[in-house]
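Asker: Would you be able to build a 3D model of this:
(one chain, ligands or ions: 1)
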Amino acid sequence: MGIAPAYTVAFLARDEAVRLPCACRVRTLARKDLVALVGRGERLHLLGLRRELWCSRCGEPPMEGWLVPQSG
Ligand SMILES: [Zn+2]
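Answerer: Numbers count the residues shown, from 1 in each chain. Sure thing, here's the model as predicted:
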């Protein structure tokens, strides 16, 4: 599932997560993790611009992510 530009972290259902691929791995961030890191009002398609979410291993910003069930 793609992410519509207007959607914010607050839009996510409690059981949804965002999968963010970078150069070295794919991370899955739960809604509560995103709230803690960037806040409820951050737009999902701008997550890649937030340094809080840049990869600590390769140092790269995440590429465009997608929504997944939190268990997935
Ligand atoms: Zn990485």
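
Asker: Work out the sheet partners of the helix or strand of the chain with the lowest mean pLDDT and label each with its direction, please.
Answerer: Here the helix or strand of the chain ranked lowest by mean pLDDT, DSSP states H and E is strand 66-69, holding a mean of 83. Each strand paired with strand 66-69, and its direction, by DSSP bridges: strand 16-21 (antiparallel).

Asker: And the contacts of the partner strand?
Answerer: 3, 12, 26-31, 33-34, 44, 47-48, 53, 62-63, 65-70, 72 (C-beta atoms under 8 Å, 6 or more residues apart in numbering). From N, CA and C alone the C-beta is placed, and that goes for glycine too.

Asker: how does it look with 7 Å?
Answerer: 26-31, 34, 44, 47, 53, 62-63, 65-70 (C-beta atoms under 7 Å, 6 or more residues apart in numbering).

Asker: go on, stretch 36-48?
Answerer: 3, 5, 7-10, 18, 20, 50, 52-53, 61-65.

Asker: Only whichever of the residues you listed are buried, select them in ChimeraX.
Answerer: For the buried members of the contacts of stretch 36-48, the matching ChimeraX selection, counting by 16 or more other C-beta atoms under 10 Å, is:
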select :3,8,9,18,20,53,61,62,65
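
Asker: Tell me which of the contacts of stretch 36-48 fall in strands.
Answerer: Using DSSP state E, 18, 20 are the members of the contacts of stretch 36-48 that sit in strands.

Asker: which one of the contacts of stretch 36-48 sits closest to the ion?
Answerer: Closest to the ion out of the contacts of stretch 36-48 is residue 62 (8.0 Å), distances taken as C-beta to the ion.

Asker: Now do the same contact list for the closest one.
Answerer: Contacts of residue 62 (C-beta under 7 Å, 6+ apart): 20, 21, 22, 47, 48, 53, 55.

Asker: Kindly reformat those as CSV containing distance to residue 39.
Answerer: Putting these into CSV (distance: C-beta to C-beta, whole Å) gives the following:
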residue, distance to residue 39
20, 16
21, 22
22, 21
47, 11
48, 16
53, 12
55, 20
